[in-house]
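Student: 3D, please:
(chains A and B)
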2 protein chains.
Amino acid sequence: METHLQPTDLKNDTLLRALAREPTAYTPIWLMRQAGRYLPEYNATRAKAGSFLKLAKTPSLATEVALQPLERFALDAAILFSDILTVPDAMGLGLYFADGEGPRFERPLRDEAAIGRLAAPDPTVELRYVLDAVRETRRALAGRVPLIGFSGSPYTLACYMIEGSGSDDWRAVKEMLYSRPDLLHRILEVNARAVTDYLNAQIEAGAQVVMLFDTWGGNLTAAGYEEFSLAYSRRVLGALRREADGRRVPSILFTRGGGVWLDAIAASGCDAVGLDWTVNAAEARRNFGNKVALQGNLDPAVLAAPADRVREQARRVLDAFGAAPGHVFNLGHGISPQAGVEAVAALVDEVRAYSMQIRKRRP
Amino acid sequence: METHLQPTDLKNDTLLRALAREPTAYTPIWLMRQAGRYLPEYNATRAKAGSFLKLAKTPSLATEVALQPLERFALDAAILFSDILTVPDAMGLGLYFADGEGPRFERPLRDEAAIGRLAAPDPTVELRYVLDAVRETRRALAGRVPLIGFSGSPYTLACYMIEGSGSDDWRAVKEMLYSRPDLLHRILEVNARAVTDYLNAQIEAGAQVVMLFDTWGGNLTAAGYEEFSLAYSRRVLGALRREADGRRVPSILFTRGGGVWLDAIAASGCDAVGLDWTVNAAEARRNFGNKVALQGNLDPAVLAAPADRVREQARRVLDAFGAAPGHVFNLGHGISPQAGVEAVAALVDEVRAYSMQIRKRRP
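Tutor: Numbering: from 1, shown residues only, chains lettered A, B, ... in the order given. Next comes the predicted model:
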């Protein structure tokens, strides 16, 4: 066990206060996948590592890239550099990345016997490299901003575990869901246990916020989302360590395409709901702003536009959320490799300046 | 001009009555892309034609495949066999289908000069093959069930016209939207005029219902959907011929991923809203059932499951919509090539039987 910094040692706790829906001087901002291919220094470190997976599995390099965006931009959080699919990799499914493509598994789950053998890994053993990265990144941050840990949601992990890769229609997943729902439930139960252990271990190692990425929950029906995704995310959220270093460890649940189910998501036990860019933020604030904090929701495509357009769109998002406490500025999905470094700089600057301004405007 | 059948000649007008929210003995059903690759007889006709586009451009063959699903299943509508992208093809962009891939354009719209030259085609000239297919299909139906005409929405057409193909992130479209919104508006204005003329010509030729497919409207933000998609669909809907053969010609607007914006869609001037499978149908009925009819919303993936599972899922959808007038059963998206012919037969049978049953249950 590391000796953690004391709560008073966090120099910028704007994110934690916004997640607790406490007043802040400005709207905190961080960006999903903020350490990524749009940054030349990230590409350099990745080239040095040889591959994305090597980078993610080498704690010193993961720490290096996690801190890179903070050197350039006045972001209010760092996020662990890792992948959402580390858990099934630790289960023995063999995660790899084909060149220029998304994640794949060497041994996707297709038969009942393999599903029966599936077991939750011990994160302190099989995922030690992640916990080492959490510890090292936390140490390197030295209290500058909080560190966010994360995992794929039980359902999103299951999507990749069954399909073996990303998909347009998730045919294998849906076939199991409609033909053998018992098998899918078995996978989801193991995943929920594994994700709980994993996130608790990240908190133990120093993560000050945790986020569940339900990237593919949006491929379900309304009833299916409740049964196969939210029920298991809720289980994870309910079993998380609530405190570390004498401070609450807030949780964020992000379901891409989940805008249609915000009622249920806001009642899931998370502290904050991540909103993709399709959600009407003003409406979400009216409906859920007294229950949970909200994170989002700029269209990531804006960051390929000139700086003045970026500033204009940032103001539109801030206006939609309004000045009441409980908004964390973010994109509605991960930043893309096409984002301009100057566009990101303009975004971070505008969010800080304009959010201070709209707070002053209030009576 | 053809001589049309008189209204009394329509032997099964269940669809038209459901779209008018009048009581019906059972819930009518048709399936998006019901003439498609899951049918062996479709594949045979397509092979005879040589290609999908040749099939769509040959009225006698288009008529043949439009009627094929009616021979197998007790469907309550036929839909014109065509493509959502015929309009930009008629504008000279050069529609083609690469093997095993989606639609592509030879000359996507990338520069201001080409956008300036864009003009709405005369459907009676450049899209005559579609109108011939409408006339021939209508004649072949001989009043069995109504014929649905359709087009891509102005925004969805623009997506393909700018990007040149389908896309995960619609990067070129978004770049234009955020950097040169004036150019996108110019394209959308031409598209709205072209789609209006096209659908009115289809109505003139015999289409008894028209549907706008906004397949990609769901890639927008809430504000962007209003500005770039719905505003133009509304313009089309407001300019459609309201009557033919002494009967109202109802319109259906379907936005995939539009579940987050149903308030606005239901108020757009359409008679019915198409719901994708992510929408909670019971909630939509409570919120919008007194304003518009609703169409949907079975997950298309269900049709790869065994017949008893298909029947179970069909009942769940019918229970969610309830027995009040104004529901048209459909999938939440087009039928996939993996659908089983027996699964479709079970679906159509179950929808008829179970919807009659739940009507009797009502006090």
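Student: Please pull up the helix or strand immediately following whichever strand or helix holds residue A:65.
Tutor: Mapping residue A:65 onto the secondary structure by DSSP states H and E places it in helix A:59-72. Sequence-wise, the next helix or strand downstream of helix A:59-72 (DSSP H and E) is strand A:78-79.
Student: Quick one: low-confidence residue ranges for the stretch 101-250 of chain A.
Tutor: For the stretch 101-250 of chain A, applying pLDDT under 70 flags no range at all.
Student: How about the residues of it by chain B?
Tutor: A:169-171, A:174-175, A:177-179, A:218, A:220-225 (Cβ under 8 Å from any Cβ of the partner chain). Bear in mind the C-beta positions are built from the backbone N, C-alpha and C, glycine included.
Student: Compare those and tell me which is most surrounded.
Tutor: Tallying neighbours with other Cβ atoms under 10 Å in any protein chain shown puts residue A:220 at the head of those, with 28 neighbours.
Student: Who are the contact partners of that one?
Tutor: Counting by Cβ atoms under 8 Å, 6 or more residues apart in numbering or on different chains, residue A:220 makes contact with A:155, A:228-229, B:278.
Student: Let's see that with 7 Å instead.
Tutor: By Cβ atoms under 7 Å, 6 or more residues apart in numbering or on different chains, residue A:220 lies in contact with A:228-229.
Student: where's it relative to residue A:261, distance?
Tutor: 9 Å (Cβ to Cβ, to the nearest Å).
Student: Where do the strands of chain A begin and end?
Tutor: Using DSSP state E, the strands of chain A run over A:78-79, A:95-97, A:103-105, A:147-152, A:209-214, A:243-244, A:247-248, A:251-255, A:272-274, A:293-298, A:327-331.
Student: Of all these, which one comes closest to residue B:240?
Tutor: strand A:293-298 (34.1 Å; Cβ to Cβ).
Student: neighbours of residue A:60, just the number please.
Tutor: Taking other Cβ under 10 Å as the neighbour definition, residue A:60 ends up with a count of 11.
Student: Could you give the backbone dihedrals for the closest residue to residue A:13 other than its chain neighbours?
Tutor: In this structure, residue A:13 finds its nearest non-sequential neighbour in residue A:146, 6.8 Å apart by Cβ to Cβ, 6 or more residues apart in numbering or on different chains. Backbone geometry at residue A:146, expressed as degrees, to the nearest 10, gives phi -70, psi 160.
Student: For burial, what's the neighbour tally of residue A:142?
Tutor: Neighbour number of residue A:142 under other Cβ under 10 Å is 9.
Student: likewise the one 10 residues further on?
Tutor: With neighbours defined by other Cβ under 10 Å, the count for residue A:152 comes to 26.
Student: what's the answer for residue A:310, then?
Tutor: Residue A:310, neighbours per other Cβ under 10 Å, totals 25.
Student: for residue A:308, same thing?
Tutor: Residue A:308 has 10 nearby residues by other Cβ under 10 Å.
Student: For it, report the pLDDT, please.
Tutor: On the pLDDT scale, residue A:308 is placed at 97.
Student: Find the residue closest to it in space, skipping its chain neighbours.
Tutor: residue A:346 (7.9 Å).
Student: and the gap between that neighbour and residue A:306?
Tutor: In terms of Cβ to Cβ, residue A:346 sits 9 Å off from residue A:306.
Student: who's more crowded, the two?
Tutor: Comparing residue A:346 with residue A:306 by other Cβ under 10 Å, the one with more neighbours is residue A:346, at 20 against 14.
Student: any idea how far the more buried one lies from residue B:177?
Tutor: Taken as Cβ to Cβ, the span from residue A:346 to residue B:177 is 18 Å.
Student: Just the residues contacting stretch A:192-203, thanks.
Tutor: Contacts for stretch A:192-203 (Cβ under 7 Å, 6+ apart): A:87, A:120-121, A:123-124, A:127, A:131, A:134, A:149, A:151, A:154, A:210, A:232, A:235-236, A:239-241, A:244, A:249.
Student: Quick one: buried ones out of the residues you listed?
Tutor: Among the contacts of stretch A:192-203, those classed as buried by 16 or more other Cβ atoms under 10 Å in any protein chain shown are A:87, A:120-121, A:123, A:127, A:131, A:134, A:149, A:151, A:154, A:210, A:232, A:235-236, A:240, A:244, A:249.
Student: Looking at these, which are in helices?
Tutor: A:87, A:123, A:131, A:134, A:154, A:232, A:235-236 (DSSP state H).
Student: Surely residue A:296 touches residue A:274?
Tutor: Yes. If you go by Cβ atoms under 7 Å, residue A:296 and residue A:274 touch, sitting 5.9 Å apart.
Student: Output the set of residues of the stretch 251-363 of chain A in proximity to chain B.
Tutor: A:257, A:259-260, A:277-280, A:299, A:301-302, A:304-306, A:309, A:313, A:316, A:336, A:338 (Cβ under 7 Å from any Cβ of the partner chain).
Student: what helices or strands is the helix holding residue A:65 leaning on?
Tutor: For helix A:59-72, the packing partners by 3 or more Cβ pairs under 7 Å, 6 or more residues apart in numbering or on different chains; DSSP states H and E come out as helix A:40-49, helix A:52-57, strand A:78-79, helix A:128-141.
Student: list the buried ones in it?
Tutor: Those would be A:59, A:61-70, for helix A:59-72 by 16+ other Cβ under 10 Å.
Student: Equivalent analysis for stretch A:51-59, please.
Tutor: Buried-residue list, stretch A:51-59, by 16+ other Cβ under 10 Å: A:53, A:55-59.
Student: contacting residues around residue A:93?
Tutor: A:105-108, A:161.
Student: now it, nearest residue through space, not along the chain?
Tutor: residue A:105 (4.3 Å).
Student: Check residue A:269 too.
Tutor: residue A:237 (4.1 Å).
Student: ok, now residue A:40?
Tutor: That would be residue A:341: by Cβ to Cβ, 6+ apart, it lies 7.7 Å from residue A:40.
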